[in-house]
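A.B. asks: Here's a sequence, model it:
(2 chains)
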Protein chains: 2
Amino acid sequence: MTGSPSPLAVSPADIDAAAKVLAPYAVRTPLLSSPAIDAMTGARVLFKAEVLQRTGSFKFRGAFNKMSLIPPAARAGGVVAFSSGNHAQGVAAAAQILKMPATIVMPADAPTSKRERTKGYGAEVVLYDREREDREVIARDIAAKRGATLVPPYDDAAIIAGQGTVGREIAEDLTVLDILPDVVIAPASGGGLVAGVATAIKARFPRTAVMTAEPEGFDDHARSLRSGKREPHLQVQGVVTSDREVGVAIATAFRELKLVVEPGGVVGLAALLAGRFEARGNTVVVVLSGGNVDADLFARLIS
Amino acid sequence: MTGSPSPLAVSPADIDAAAKVLAPYAVRTPLLSSPAIDAMTGARVLFKAEVLQRTGSFKFRGAFNKMSLIPPAARAGGVVAFSSGNHAQGVAAAAQILKMPATIVMPADAPTSKRERTKGYGAEVVLYDREREDREVIARDIAAKRGATLVPPYDDAAIIAGQGTVGREIAEDLTVLDILPDVVIAPASGGGLVAGVATAIKARFPRTAVMTAEPEGFDDHARSLRSGKREPHLQVQGVVTSDREVGVAIATAFRELKLVVEPGGVVGLAALLAGRFEARGNTVVVVLSGGNVDADLFARLIS
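C.D. replies: Okay, here's the model as predicted:
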């Protein structure tokens, strides 16, 4: 490999360290199987049920790891983050455990349920107008005024190392089960999850393909990965899924796995069921990354 | 203890034997926790997520254990069972693994989805008229004609030993975690689950209270347990839950646990949330026994 390492590069040792930090607080989520989905796909499929994580998504892992590295002197200033979704809840829950004040900058039109959940973890929610205001500017302003630490959603080595513990647990469980995975697929999301998972998986299983899935129209990450610009050393391949495929996957997870998975978290299963990559005869690990979905939307998607 | 032991009594050793038989086929379901539900109840709550079991309920365990004890010479005759629900799927899936023919006697008005799922495991479905016909007579008839073995839903020692592996896994996990449970609560259902779970739990934790929960109007089991006639040696206490409480529990499991739980399987959580027993300050294990619920009903209950 030529060129200098990216500042975002994390090593398996960084992920080991994050695993130690997270052990008392994060759920060690199970790897589940479904004979019905194996039969549908002709693959041996294992699901990393990260919907069962604290706050309902993997985001808690990165947020908690990042925040536990804030030096004691800086903790009283608290943390600030901008997010309307899973990162907000992850940061708020981590702050509650670490006894730090947390401020979350959220769009004024975010669903009430998300605001309430974030407040439920004891965070202060600051609303902004999506049309006229810049959330990053607001967050940096709050950070400067209060001496708070900004917790970014993904472009951060400590966040990536925390998310990487998802991959580390997968690798550990597969080793115990004596299973060699052909493919591990996870939502592309901001890239932090896949970057961490790929590092942990490749360290144990160098020949396993690590893939990302994402919804149609949100495939910047897939494109940047295909173009090889972003994380060339990880050699991650991206696939996209349609809205209809996402709906089918949510209904299938409801029916066969008895799990509640959100649209953004189910894309790996959507890609598998839609045949977007070669699965037949292979062992495939699908990361179901989150389950925070409004009841009305979920009800519509399963009916 | 005076009097002769019941023919249905199972020992911890019977449950150990069942665990060995089930190990390659049953899912070792996880024990999950939810900080949000702990906060709601003031208890430390652990959920035995048996919704993640093969066929979506604990019934697979008892059926498979029972059927694996059928002597080789009798296997060609197959099995027969009467059930419109989880027992049907458990028997059908077990028969498929054991390569035995299975016939399930189901009411003609059972939901199509349940018929289809049972057929999906390769079983033959025989319909009967709930008003005019007796399902037990039909099943015994088929058994006599085909040389098939009748697999009863609960009043059977091998079934109870199989269901008891739920309790055995709970006891094992709690021992590893060094947790002493105050209460273990499970759906009363036909009694097989609780009888097996109580045996396994009491063997490891003699002072733990084992309780049953069931829906209002279906509380025969609670009454018979309260009257002390049925399983006096197990000293199981029963509580009942209302329809409204069951609905709240299903919505809470959706929102906080990201699990799909059926009305009959969620009654332990319903009783906990409704304060039907003393939980505050206690460690409580709630068995979520099954997740086979129609999408339309589930959609209504969570919205």
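A.B. asks: quick one: A:Ala93 and A:Ser57 touch, right?
C.D. replies: No: using C-beta atoms under 8 Å, A:Ala93 is not in contact with A:Ser57; the gap is 10.4 Å. For every residue, glycine as well, the C-beta is placed using N, CA and C.
A.B. asks: Can you tell me, leaving aside adjacent residues, what's nearest to the residue in the stretch 101-250 of chain A that chain B sits nearest to?
C.D. replies: Of all residues in the stretch 101-250 of chain A, A:Gly120 sits closest to chain B, at 7.6 Å by C-beta to the nearest C-beta. Nearest residue to A:Gly120, sequence neighbours excluded (C-beta to C-beta, 6 or more residues apart in numbering or on different chains): B:Ala36, at 7.6 Å.
A.B. asks: And for the one you found, the neighbour number?
C.D. replies: Using other C-beta atoms under 10 Å in any protein chain shown, B:Ala36 has 19 neighbouring residues.
A.B. asks: Against B:Glu256, how distant is it?
C.D. replies: According to C-beta to C-beta, to the nearest Å, B:Ala36 and B:Glu256 sit 5 Å apart.
A.B. asks: A:Ser242 too?
C.D. replies: 30 Å.
A.B. asks: more neighbours, these two?
C.D. replies: A count of neighbours by other C-beta under 10 Å puts B:Glu256 above the other of A:Ser242 and B:Glu256, at 18 against 14.
A.B. asks: who's in contact with that one?
C.D. replies: B:Ser34, B:Ala36, B:Ile37 (C-beta atoms under 8 Å, 6 or more residues apart in numbering or on different chains).
A.B. asks: Also A:Ile250?
C.D. replies: Counting by C-beta under 8 Å, 6+ apart, A:Ile250 touches A:Val261, A:Pro263, A:Val266, A:Val293, A:Phe298, A:Leu301, A:Ile302.
A.B. asks: count of neighbours near the nearest residue to it once chain neighbours are set aside?
C.D. replies: In this structure, A:Ile250 finds its nearest non-sequential neighbour in A:Leu301, 4.7 Å apart by C-beta to C-beta, 6+ apart. A total of 21 residues lie near A:Leu301 under the criterion other C-beta under 10 Å.
A.B. asks: isn't A:Leu301 right up against A:Thr252?
C.D. replies: No: using C-beta under 8 Å, A:Leu301 makes no contact with A:Thr252, being 10.7 Å away.
A.B. asks: Show me the helices in the stretch 1-150 of chain A, by range?
C.D. replies: Remark: helices assigned in the stretch 1-150 of chain A by DSSP state H, counting those that start in this stretch are A:12-22, A:35-41, A:59-68, A:72-75, A:86-98, A:112-120, A:135-146.
A.B. asks: and these, which is most packed in?
C.D. replies: Mean neighbour count, computed with mean count of other C-beta atoms under 10 Å in any protein chain shown, is highest for helix A:59-68 among these, reaching a mean of 29.
A.B. asks: list the helices and strands it packs on?
C.D. replies: Under the contact criterion of 3 or more C-beta pairs under 8 Å, 6 or more residues apart in numbering or on different chains; DSSP states H and E, helix A:59-68 touches helix A:12-22, helix A:86-98, helix A:157-177.
A.B. asks: who in chain A is up against chain B?
C.D. replies: Contact residues, chain A versus chain B (C-beta under 8 Å from any C-beta of the partner chain): A:27, A:30, A:32-33, A:35-36, A:51-52, A:54, A:56, A:93, A:120, A:251, A:254-255, A:257-261, A:291, A:295-296, A:298-300, A:302-303.
A.B. asks: pLDDT below threshold where in the stretch 201-303 of chain A?
C.D. replies: Low-confidence segments of the stretch 201-303 of chain A (pLDDT under 70): A:218-234.
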